[in-house]
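Participant: Can you look at this prediction? I've put the sequence above it.
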Amino acid sequence: MFGRWLENRKNRTSGGGSASLLPVPPSGGMISCRVLDPVNEPLRHAGFTVSDAQGRKVVAGEADPFGSFVTTVPAGEYRIAVSAEGYTPYRGGATVPEGGHAALGDLTLQLAAPPALPEPGDWEIEPMHSSIAFTARHIGLARIHGRFNNFAGAIRIAERMEQSAMHIVIDAASIDTNVRMRDDHLRSGDFLDVAQFPTLEFYSDRFVHRGGSRWAVTGALSLHGVTRTVMLDTEYLGTGSGMEGETRAACRATTELHRDDFTVSWQTMLAKGIAAVGPSIKIDLDVQIVPKG
């Protein structure tokens, strides 16, 4: 009995590696590949999208720590897209037969040229096409989404981007979660206390290139009368032209703030000791800048 089990296990695992251990429906098959960088190192967490012949997404996911990706799909024709930060995407096709295995082998992604940086000079945030949003946890389950409606900012782009500086001022009273009673509470002394601290301000003169289109922008955030060092994880999106032909540049940035760091510590406990408001706030910025007129 043990010999028969060992024989069956050998048959199941031979010729396909770990991919052969995946259960494959009778009408389906497998797609697999490994993603490498130009020096043959695995690109862990590269993103994959598998679409059908009409362009509809069938499955999406990430490579494992060894750069490998395996999935089962119905038999048919597929388009494969592979992407990783700082690399030129791969696009190709695969035919998956019933009970078969479309092994794409090793896919090498080439380094992508970073987008052109803005011209040196004075720029300003264009509020109509920019947003400063936040997300907070509510009772440990739901997420509350909000934004600040009024803000302004100036950026001085230096000859070397690393020597640039920025200053953003946010009107604290413009906080907006689309619920008036909640917004009034957030403006009160329990939270932002806008009567005493009418603005939030961020100043940075430290821009660090992390490779590709990624930058770390580190500076001082003043909120609720407290100033702390904050780092914005920033993706630079490049430059373009607006509807009237004006030059503009864009970026996305995220960070996480802990309320206690800024003494915004109001809390109430619900049944079973559940906190009404989470301890941290996620900040998301989508920013477009234009040359200062």
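Facilitator: Structure's in. What do you need?
Participant: Tell me where the protein has helices.
Facilitator: 2-13, 180-187 (DSSP state H).
Participant: now the shortest one, how far from the chain's geometric center?
Facilitator: In other words, helix 180-187. Here helix 180-187 shows a centroid-to-chain-centroid distance of 29 Å under the convention Cα atoms, centre = their mean, to the nearest Å.
Participant: elements contacting it?
Facilitator: Counting contacts by 3 or more Cβ pairs under 8 Å, 6 or more residues apart in numbering; DSSP states H and E, helix 180-187 is packed against strand 175-176. Glycine gets a C-beta too; all of them are placed from N, C-alpha and C.
Participant: Sheet partners, orientation included, of the strand it packs on?
Facilitator: strand 142-148 (antiparallel) (DSSP bridges).
Participant: For the strand it pairs with, buried residues please.
Facilitator: 144, 146, 148 (16 or more other Cβ atoms under 10 Å).
Participant: got those as TSV, with distance to Thr88 and pLDDT columns?
Facilitator: Formatted as TSV, the buried residues of strand 142-148 follow (distance: Cβ to Cβ, whole Å; pLDDT from 0 to 100):
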residue	distance to Thr88	pLDDT
Ile144	39	87
Gly146	37	93
Phe148	36	97
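Participant: shaky segments in the stretch 1-150 of the chain?
Facilitator: 1-21, 138-141 (pLDDT under 70).
Participant: those strands in it, which residues are they?
Facilitator: Assigned by DSSP state E, counting those that start in this stretch, the stretch 1-150 of the chain shows strands spanning 28-36, 47-52, 57-62, 68-74, 76-83, 90-96, 101-108, 121-125, 131-138, 142-148.
Participant: and the second one, C-alpha only, in CSV?
Facilitator: What that stands for is strand 47-52. Presented in CSV, the C-alpha positions along strand 47-52 are these (Å, rounded to 0.1, in the frame of the first residue of the first chain):
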residue,chain,number,x,y,z
GLY,A,47,2.0,42.0,-10.8
PHE,A,48,0.2,39.7,-13.2
THR,A,49,-3.0,40.1,-15.1
VAL,A,50,-4.5,37.4,-17.3
SER,A,51,-7.2,38.5,-19.7
ASP,A,52,-9.3,36.6,-22.2
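Participant: Centre of the chain to that strand, how far?
Facilitator: From the chain centre to the centre of strand 47-52 is a distance of 18 Å (Cα atoms, centre = their mean).
Participant: Repeat that for the longest one.
Facilitator: Distance of strand 28-36 from its chain centroid, counting by Cα atoms, centre = their mean, is 25 Å.
Participant: Direction-wise, compare it with strand 76-83 and give the angle.
Facilitator: 20 degrees (axes from the mean of the first three to the mean of the last three Cα atoms, to 10 degrees).
Participant: what does strand 28-36 contact?
Facilitator: Strand 28-36 is contacted from outside by 19, 22, 24, 42-43, 46, 50, 63, 66-75, 78, 80, 82, 84, 90, 94, 96-109, using Cβ atoms under 8 Å, 6 or more residues apart in numbering.
Participant: Pull out the buried members of those residues.
Facilitator: For these, buried by 16+ other Cβ under 10 Å: 19, 24, 42-43, 46, 50, 63, 67-73, 75, 78, 80, 82, 84, 90, 94, 96, 101-102, 104, 107, 109.
Participant: How about the contacts made by the closest residue to Gly61 other than its chain neighbours?
Facilitator: Excluding its sequence neighbours, the residue lying closest to Gly61 (Cβ to Cβ, 6 or more residues apart in numbering) is Phe48, at 5.5 Å. Contacts for Phe48 (Cβ under 8 Å, 6+ apart) come out as 59-63, 69, 71, 80-82.
Participant: Repeat that for Met231.
Facilitator: Going by Cβ under 8 Å, 6+ apart, Met231 touches 216-218, 255.
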